[in-house]
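Asks: this is the structure alone, sequence omitted:
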Ligand code: PTJ
């Protein structure tokens, strides 16, 4: 479909088209389109911008990835369709292993997604020959690589489902999620939940990573002082403020009282 340059929601429509094409190419699953719609609805509420609490989480995520001994990034269909280049750039900057891990796993999809990542510049993408199982997961999502997510101390899991995020936390890993839903099980169970849009979050993490590389003490301080509960509270405070601003501008009770007072003075 041709989307006019002047369309006010051009970016959003282009992203939708990209995901539909990826669905036809068997990269994204139909459920991935639903997941995208949910994400987009949350992004409306957040004002389609990175919030201040998200920046804090992104900096903490960058610190954790920088200080990790064996960092890994997990990639699914939506992530490959939307942000393959950004994943590869971030993995290079850290440096971290990339592993394809799918909720709706078929071997053909794993191979296709690995190819997309390789075309974006990745080397030695894991996922096709798993040699370990994540304990406590019955689905094929448990299949993993000792060299990748299974053996990692810090794992970045964008657009994850709650079960695996919880299972990875139970394994003692630092789990960094990227999920626009502040209420999702993934967000609640991750060690560092980033509530931001994937294509804003990955470059932001990379920028912080480059900054912190120059100042490892600041990276350690960031990790020490990051407070997940406080940070999640700040997302909700931000949302509350946004929703209040979005209300149609009627007079508040206080404003009505003041206006009544002014009228009675004038009599
Ligand atoms: O490719 P597969 O087979 O591994 O399947 C991938 C999906 C995404 C279908 C699978 O992981 C899934 O079902 O995920 P959920 O449980 O729907 O969770 C996805 C979460 O990502 C939801 O909470 C969405 O709000 C959020 N989300 C969607 N798009 C974005 C997003 N968060 C950040 N940026 C986005 N672009």
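Replies: In hand now; what should we look at? Keep in mind the model is a prediction, meaning the values are calculated, not measured.
Asks: hey, let's count contacts and neighbours off CA atoms from now on
Replies: Will do.
Asks: same for the longest helix along the chain, what does it pack against?
Replies: Counting residues, the longest helix found in the chain (DSSP state H) is helix 228-246. Secondary-structure packing of helix 228-246 (3 or more C-alpha pairs under 8 Å, 6 or more residues apart in numbering; DSSP states H and E): helix 30-46, helix 52-67.
Asks: okay, those helices, which one's buried deepest?
Replies: Mean neighbour count, computed with mean count of other C-alpha atoms under 10 Å, is highest for helix 52-67 among the helices and strands packed on helix 228-246, reaching a mean of 24.
Asks: identify the residues contacting residue 38.
Replies: residue 181 (C-alpha atoms under 8 Å, 6 or more residues apart in numbering).
Asks: gap between it and the ligand?
Replies: Separation of residue 38 from the ligand (C-alpha to the nearest ligand atom, to the nearest Å) stands at 5 Å.
Asks: I'd like the average pLDDT over the helix or strand hosting residue 115.
Replies: Secondary structure assigned from DSSP states H and E places residue 115 in helix 107-119. For helix 107-119, mean pLDDT is 98.
Asks: near the ligand at all, that helix?
Replies: No: Helix 107-119 does not reach the ligand (C-alpha under 6 Å from any ligand atom); its nearest approach is 8.4 Å.
Asks: and if you look at stretch 148-164?
Replies: Yes: Stretch 148-164 is in contact with the ligand by C-alpha under 6 Å from any ligand atom, via 159, 160, 161.
Asks: what sits against the residue lying closest to the first one once chain neighbours are set aside?
Replies: In this structure, residue 159 finds its nearest non-sequential neighbour in residue 179, 5.5 Å apart by C-alpha to C-alpha, 6 or more residues apart in numbering. Listed by C-alpha under 8 Å, 6+ apart, the contact set of residue 179 reads 39, 158, 159, 160, 186, 187, 193, 194, 195, 196, 197, 198.
Asks: right, and the helix or strand after the longest helix of the chain?
Replies: Following helix 228-246 in sequence, per DSSP H and E, is helix 253-266.
Asks: taking the contacts of residue 179 one by one, which sit in helices?
Replies: Short answer: those in helices (DSSP H) are 39, 186, 187, 198.
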